[in-house]
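Participant: fold the following and give me the result.
(one chain, ligands or ions: 1)
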Amino acid sequence: MIVDCHVHISACTPSHGGMSPRLRGSIPFRFMRWHFGIPGYGPSTEMALERLLVATVEGARELDAAIVVALDAVYDGQGHLDEAHTHLHITNDYVLELARRHQRILPGASVHPYRPDALRELERCVKAGAVLLKWLPVVQNFNPADPRCYPIYEMLAHYGLPLLAHTGGEKSLPVLDGSVADPALLEEALKRGVTVIAAHCGTRDGPGEPDYLSTFLRLARQYPNCYGDTAALTLPTRCYALPKVLADATIHAKLVHGSDWPILSLPAPWQVGMMDSLRLMREGNWMRRDILIKQRLGFDQEYWHRGAKLMRLANVSSLSHRARPDGGNQGQVGNDGHRKCPAPNES
Ligand SMILES: [Zn+2]
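Facilitator: Below you'll find the predicted structure:
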């Protein structure tokens, strides 16, 4: 089973979350809205985004499913909601709802570790079918090494739920604390047995930024439960990491497929050759283009299946509704409106 473990959605209605005026006016968001032809802000915008997401996942026919991640709001050190600094908020209920409506979408929860009901909310999401927990500490403004995160780690380890944590640079959303981009801050989670997927493998996202790739490489070698996703690694700013992670067999065996859609995916001509670069650019579906680029770069078979294995989805073969060459595996699942995979403690 092949999943894209790192896919985003935006929300434009209060019950699903929202975007701040600052974010809506930012260059990356204006570019994406222009590219995808999605104007406005409100229920109809949100519905257009959902249709775009579903069509994109359907078009990425190499995939069985995409994990669409929530993004919890910012909370301050006292555990109070910090609306002024929350620029993008995607509720857990929204991604759970999307997963119920669309067979090839799986929900990734997001719970800020400082909120007073963090454990209750995480457990609720696990029971509702979340397949991972997503953190973006530089934007959500917390430190993964803070002892307030330890109970979360205990719960993640208990349920076997992977933690997909952003590491390295960030350009799409306003950064509140760049110092928490260091993957070394996740070491306490690793020591407690959590399956950690360091999103972006600690790469920088622009010149002059700190580069944590070598820290990620050290952790991935040291901890069997440390993985890294390839989300946005095809960006010109981050693609310097690709030859390094592909050349090292130990690291290659720790990579998980993710695109970071709707972030642009670009083939670097100096990595894939000019002709292949032009061929790959003709694929207009950025989620699929990301797959084709990585196929061309030589990611091995295990790489494509690793995410599903980490999320224990591999044994839920009926999730896939891809047309198989043998005509089998056409079954529908999830029509009970709930889990497409059993919670680890139920399996
Ligand atoms: Zn992302």
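
Participant: switch to C-alpha atoms for all contacts and neighbour counts from now on
Facilitator: Will do.

Participant: where exactly do the strands run in the stretch 201-347 of the chain?
Facilitator: 226-229, 255-256 (DSSP state E, counting those that start in this stretch).

Participant: chain center to stretch 296-312, what's the gap?
Facilitator: 15 Å (Cα atoms, centre = their mean, to the nearest Å).

Participant: can you mark which positions in it are buried?
Facilitator: For stretch 296-312, the neighbour count (16 or more other Cα atoms under 10 Å) marks 299, 304-312 as buried.

Participant: can you give me the strands in the stretch 51-200 of the chain?
Facilitator: Counting by DSSP E, counting those that start in this stretch, the strands of the stretch 51-200 of the chain are 65-69, 88-90, 105-109, 132-135, 163-166, 196-199.

Participant: can you tell me what sits against the helix or strand bottoming out on mean pLDDT in the chain?
Facilitator: Sorting the helices and strands of the chain by mean pLDDT, DSSP states H and E puts helix 27-36 at the bottom, at a mean of 88. Contact with helix 27-36 is made by 23-24, 39, 172, 262, as judged by Cα atoms under 8 Å, 6 or more residues apart in numbering.

Participant: swap in 7 Å and give it another go.
Facilitator: Applying Cα atoms under 7 Å, 6 or more residues apart in numbering, the contact partners of helix 27-36 are 23-24, 39, 172.

Participant: quick one: low-confidence parts of the stretch 51-200 of the chain?
Facilitator: Judged against pLDDT under 70, the stretch 51-200 of the chain has no low-scoring part.

Participant: what subset of the contacts of helix 27-36 is buried?
Facilitator: Buried subset of the contacts of helix 27-36 (neighbour count, 16+ other Cα under 10 Å): 23-24.

Participant: residue 91: which of the contacts of helix 27-36 is nearest?
Facilitator: residue 23 (17.1 Å; Cα to Cα).

Participant: so what's that closest one up against?
Facilitator: Applying Cα under 7 Å, 6+ apart, the residues near residue 23 are 29, 87.

Participant: 8 Å instead?
Facilitator: 29, 87-88, 173-174.

Participant: on the pLDDT front, check it for me.
Facilitator: Here, the pLDDT recorded for residue 23 equals 93.

Participant: need phi/psi at it.
Facilitator: Backbone torsions of residue 23, given as degrees, to the nearest 10, read phi -70, psi -40.

Participant: what's the distance between it and residue 30?
Facilitator: 9 Å (Cα to Cα, to the nearest Å).

Participant: also residue 15?
Facilitator: 23 Å.

Participant: the two: who's more crowded?
Facilitator: The neighbour count for residue 15 versus residue 30, taken as other Cα atoms under 10 Å, is higher for residue 30 (15 against 11).

Participant: in stretch 261-276, what's buried?
Facilitator: 261-268, 271-272, 276.

Participant: which one of the residues you listed is nearest residue 209?
Facilitator: Distances from residue 209 to these, taken by Cα to Cα, are shortest for residue 263, at 19.3 Å.
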